[in-house]
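Student: coords please:
(one chain, ligands or ions: 1)
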Amino acid sequence: MDPRRVYERLLARFGPQHWWPAETRFEVIVGALLMAQTSWPRVAEAVGNLRRAGVLDPRALAAMSIGDLRALVRPAGLHRTKPRRLRAFCRHLVRAAGGDLDRFFARDPDALRRELLTLEGVGPETADSILLYASEVPTFVVDAYTVRVGRRLGWFDADRYDAVKAYFESRVPRDLGVYREFHALIVALGKDVCRPTPRCDACPLADGCAHARARGQLSYTPTKRTKERKTP
Ligand code: SF4
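Tutor: Have a look, this model is predicted:
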């Protein structure tokens, strides 16, 4: 099944996902940096702590002690690495653009992505999340759900980040709104339906899915639209 058709079916099934749930672009960045190996509610709690402490600002975070920062972002886990990475990112942002996100994102997106990837703790998924949701760069975000769903559909047999990203970007026209929504919809599918043990009988993609075919599960009939999710 063509990825664009999959997008339409997922949108019809799950509805707009309203990603990324943040009040500012800087919050998106902080959330993306804190997301590794935890759940969104834990990240939201950490971001809330920073907001209440009045330090949800690049310059404020860049100047904080690691101890103080650790206490605030502790709910997000990995308390040895995440505070250090967050402060390092903010220091870079201050050095590179005076903490001004308009200036920071005004550069060539490819060069900016390469630069993000040199920063401590910023891998391709985090870099692309920042570019897609905090800036306005239509770059496809790949995560474990994307790999799982794509492999099961029979789209690719790879799990290498760049190969999966290239698969989508060569087939889905670069539209910021579509790229933002598509990633969120794949996550919704992966969480609710295409789980480690998939619920193919409840999946809107079953008639075009190699995995479902192999399991002999093509009996999907549309059910009531699932509740809209408003968090990663
Ligand atoms: S049909 Fe099954 S394996 Fe295929 S995408 Fe849907 S839930 Fe996943």
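Student: number of nearby residues for Asp157?
Tutor: 8 (other Cβ atoms under 10 Å). From N, CA and C alone the C-beta is placed, and that goes for glycine too.
Student: hang on, I meant His18
Tutor: 13.
Student: if I look at it, how far off is Leu33?
Tutor: 21 Å (Cβ to Cβ, to the nearest Å).
Student: doesn't Cys200 make contact with Arg215?
Tutor: Yes. At 6.3 Å, Arg215 and Cys200 qualify as touching, with contact defined as Cβ atoms under 8 Å.
Student: between those two, who's got more neighbours?
Tutor: Cys200 (21 against 14).
Student: In contact with Arg25, which residues?
Tutor: For Arg25, the contacting residues are Leu101, Ala134, Ser135, by Cβ atoms under 8 Å, 6 or more residues apart in numbering.
Student: Of those residues, which is the nearest to the ligand?
Tutor: Ala134 (29.1 Å; Cβ to the nearest ligand atom).
Student: okay but that closest one is in contact with Ile29, surely?
Tutor: Yes. The pair Ala134 / Ile29 is scored as a contact, 5.0 Å apart, by Cβ under 8 Å.
Student: Out of the contacts of Arg25, flag the one nearest to Arg195.
Tutor: Closest approach between these and Arg195, by Cβ to Cβ: Ala134, at 29.0 Å.
Student: Show the model's pLDDT score for the nearest residue in space to Gly190 that is not next to it in sequence.
Tutor: Leaving aside its sequence neighbours, Gly190 sits nearest to Tyr145 (Cβ to Cβ, 6 or more residues apart in numbering; 3.0 Å). Looking at Tyr145, its pLDDT stands at 96.
Student: Return the distance of Tyr145 relative to Leu185.
Tutor: According to Cβ to Cβ, Tyr145 and Leu185 sit 10 Å apart.
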